[in-house]
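A.B. asks: Just a sequence and a predicted model for now, questions to come.
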Amino acid sequence: MRPQGDPPDGARGWREAAHQALYGPGGFYRRPEGPAGHFRTSVHASALFAAAVARLLCRVDEALGRPADLAFVDMAAGRGELVTGVRAALPSDVAARTRFCAVEVADRPAGLPEQVEWLGTPPCGVRGLLFANEWLDNVPVDVVEVDGSGVPRRVLVRPDGSELTGGPVDGEDAAWLERWWPLPAEEGLRAEIGLPRDRAWAETVGCLEQGLAVAVDYAHTVDARPPFGTLTGFREGREVPPVPDGTRDLTAHVALDSCLLPGGRLLPQREALRALGVTGARPPLTLASSDPAGYVRALAAASEASELTAPGGLGGFGWLLQPVGVPDPLAR
């Protein structure tokens, strides 16, 4: 990476560049195909995921005393896949009391049920479940790299993806690094400053009057930060170099432990989903003779559940559970 000399043409910090590339006019998340056209999340892998989230909403409903104004808020809703799946999986009496809100920067997709509200920001003062599946990894962050003198410096990026060093990290960003991602004085080590994500999560949780907020993402904790960061790109199902040109997703794993608010906790997706009935257990062979079609369906469901809970894959996602004025619905 070249050191900075005169102000470079078009170069800026990764946070600013990624925000424009993802959410600006013509940005990646405003493209008509939506995220599902480029990568596969737990929501797209199996309907079992939406069914598990629906069961979690039912637990929150019980903790709230079955209110008439229950809400389900789907943060970074894509094209509404999760919110529609949760709505379909809910018992009819719960669905009838639920306000369904999808929060997304893109325009409302065609064919979305009219019962689903399409919002640019999360509604405030609601009671229920706020679920942010793979949202925080797309809250843009600045990247820093240790120079030859052992000083962390901001990484600047041009529109073509080429990088160069900027000024040293200071202020609140330096304090965040020292607390959450301390960098040894070794040239080339990199980090992603998660402070914007901490603030975005705290602000979003603040919209809940009562209930549970959940963030689900590829994550790491302070005892095992990746030495060279995780910034990358995805396009049409393939990992590609991160270039802030609006043609690809730009994502970095989340320091979920820094996002935790008082009373919150972290656990792997495989544990969370198993607590919600997604186990991946194979059906008994006796079912193959007594109900062959049922056996095939159960076997397919077991395969999908195994994908959702696989430790090296989707099961490795981190879940941040943040109760607001209720007991933790998964702590039982």
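C.D. replies: Perfect, thanks for sending it. Residues are numbered from 1 along each chain as shown.
A.B. asks: Tell me the pLDDT of the nearest residue to residue 77 once chain neighbours are set aside.
C.D. replies: Setting aside the residues directly before and after it, residue 77 is nearest to residue 102 in space (C-beta to C-beta, 6 or more residues apart in numbering), at 3.6 Å. In this view, the C-beta of every residue, glycine as well, is placed from N, C-alpha and C. The confidence metric pLDDT takes the value 97 at residue 102.
A.B. asks: what's around residue 102, how many residues?
C.D. replies: When neighbours are defined as other C-beta atoms under 10 Å, residue 102 has 24 of them.
A.B. asks: Report the beta-bridge partners for it.
C.D. replies: Going by DSSP bridges, residue 102 is paired in beta bridges with residue 74, residue 118.
A.B. asks: Residue 55 and residue 126: what is the separation?
C.D. replies: According to C-beta to C-beta, to the nearest Å, residue 55 stands 20 Å off from residue 126.
A.B. asks: all helices of this protein, in order?
C.D. replies: For the chain, the helices defined by DSSP state H cover 14-23, 42-45, 47-63, 81-89, 92-97, 171-180, 195-205, 256-259, 269-275, 286-290, 292-309.
A.B. asks: export those to TSV and tack on distance to residue 331 and mean neighbour count?
C.D. replies: Below are the helices of the chain laid out as TSV (distance: least, C-beta to C-beta, whole Å; neighbours: other C-beta atoms under 10 Å):
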stretch	distance to residue 331	mean neighbour count
helix 14-23	35	21
helix 42-45	22	19
helix 47-63	10	21
helix 81-89	21	22
helix 92-97	21	13
helix 171-180	25	14
helix 195-205	18	19
helix 256-259	18	21
helix 269-275	9	21
helix 286-290	33	11
helix 292-309	19	16
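A.B. asks: Nearest approach to residue 119 belongs to which of the ones you listed?
C.D. replies: In terms of C-beta to C-beta, the element of the helices of the chain nearest to residue 119 is helix 81-89, at 11.0 Å.
A.B. asks: quick one: the closest one to helix 47-63, angle?
C.D. replies: Interaxial angle, helix 81-89 versus helix 47-63 (axes from the mean of the first three to the mean of the last three C-alpha atoms, to 10 degrees): 70 degrees.
A.B. asks: what's next to helix 81-89, contact-wise?
C.D. replies: Residues outside helix 81-89 that contact it (C-beta atoms under 8 Å, 6 or more residues apart in numbering): 36, 43-44, 47, 49-51, 53-55, 57, 72, 74, 77, 95, 98, 100-102, 112-113, 115-116, 131, 133.
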